[in-house]
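Chemist: how would this look folded up:
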Amino acid sequence: MISYEPFWNTLKNRKMSQNQLVEDYDISKSLLQRMREQQSITLHSIQVLCNILECSSADIVLVTFDEKAKKNTEL
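Modeler: Okay, here's the model as predicted:
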């Protein structure tokens, strides 16, 4: 499972708004929407967000183990 909860917490801790990301750093609204919906984003997007927020990838995304998903991907 992918969670972007760390991103929202990091954004809040940096006292930065989503509008600032869009207006000042050209982050697309669709990227933020994908994150709100817990959809996948590219590693490049994670890197860009890390650079903007001066943080690590762990401050953007949390990946957790999902036993059901593992069973569905086994050959």
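Chemist: Please count neighbours and contacts with C-alpha atoms only from this point.
Modeler: OK.
Chemist: Okay, strands next: where are they in this structure?
Modeler: 2-3, 62-63 (DSSP state E).
Chemist: Looking at those, which is nearest to Arg34?
Modeler: strand 2-3 (11.2 Å; CA to CA).
Chemist: Neighbouring strands of the closest one in the sheet, and parallel or not?
Modeler: With DSSP bridges as the test, strand 2-3 is paired with strand 62-63 (antiparallel).
Chemist: so who does Tyr25 touch?
Modeler: Ile52 (CA atoms under 8 Å, 6 or more residues apart in numbering).
Chemist: Let me know the distance separating it from Met35.
Modeler: 17 Å (CA to CA, to the nearest Å).
Chemist: now the helices for this protein?
Modeler: Shown for the chain, the helices assigned by DSSP state H span residues 5-13, 18-25, 29-36, 43-53, 67-73.
Chemist: Can you lay out these as CSV showing distance to Ile60?
Modeler: Below are these laid out as CSV (distance: least, CA to CA, whole Å):
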stretch, distance to Ile60
helix 5-13, 4
helix 18-25, 14
helix 29-36, 10
helix 43-53, 7
helix 67-73, 22
